[in-house]
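1. What follows is a predicted protein model with its sequence.
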Amino acid sequence: MAWANVNNVTTTHLDSATDDPSQARVELYNALIELRAVINGRNTASGIAPLDANSLIPGANLPNTFSTTTSNNLVLQPDTGRVAVQDILNLTPLTVAQLNALTAIEGDVAYCSDGNSGTECVAVYNGTDWKVVALGATISV
């Protein structure tokens, strides 16, 4: 089902007290057809996602991948100032050459496959250079 189209809603015969109600019939009908498209577009392709009892979009209606279609960054900006990732954050391994080819911004964090004298490390960009955060001992209990 196609989503509603505002171009199909006109008010030519609805915006003045002197308008003829019989001429407004088609405009009212077209507006109701578009309203029906909005109602029927819930939880459909090219429609709108439903909300759960907490006014949140259910996980089943969220995509597995978020990406931008332009050269813009994908920005998460919660009111709390903190993005909480449950369980594991996975960074795609990049080489020193790949990291140096990026337009980095101070505070960027990456996983580098060969950045600590040829071994893997976490790297943080300080505004000038990528700095090594060496991986320590293996975790244990």
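-> Nice, I can see it.
2. use CA for all of it now, contacts and neighbours both
-> Noted.
3. Excluding chain neighbours, what is closest to E120?
-> Distances taken as C-alpha to C-alpha, 6 or more residues apart in numbering put S113 closest to E120, at 4.2 Å, once the chain neighbours are dropped.
4. just checking, that neighbour is part of a strand?
-> Yes. Assessed with DSSP: H, G, I helix; E, B strand; the rest coil, S113 lies in a strand.
5. how far away is it from A97?
-> Applying C-alpha to C-alpha, to the nearest Å, the value for S113 to A97 is 10 Å.
6. ok, those two, which is more surrounded?
-> A count of neighbours by other C-alpha atoms under 10 Å puts S113 above the other of S113 and A97, at 17 against 11.
7. Spit out the contact partners of the residue nearest to E120.
-> 93-96, 119-121 (C-alpha atoms under 8 Å, 6 or more residues apart in numbering).
8. 10 Å instead, please
-> Residues counted as contacts of S113 (C-alpha atoms under 10 Å, 6 or more residues apart in numbering) are 92-96, 119-123.
9. need the strands for this structure, in chain order.
-> Ranges of strands within the chain are 109-116, 119-125, 130-134, based on DSSP state E.
10. What is the shortest one packed up against?
-> Okay, so that is strand 130-134. Helices and strands touching strand 130-134, by 3 or more C-alpha pairs under 10 Å, 6 or more residues apart in numbering; DSSP states H and E, are helix 96-101, strand 109-116, strand 119-125.
11. Grab the longest helix from this protein for me.
-> helix 21-40 (DSSP state H).
12. so where is this structure shaky, pLDDT-wise?
-> Residues of the chain that meet the criterion pLDDT under 70 lie in 1.
13. can I get the helices and strands packed on strand 130-134 in CSV with distance to E34?
-> Formatted as CSV, the helices and strands packed on strand 130-134 follow (distance: least, C-alpha to C-alpha, whole Å):
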stretch, distance to E34
helix 96-101, 49
strand 109-116, 47
strand 119-125, 50
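14. now for the ones you listed, which one comes closest to S22?
-> Closest approach to S22 among the helices and strands packed on strand 130-134 is made by strand 109-116 (64.9 Å; C-alpha to C-alpha).
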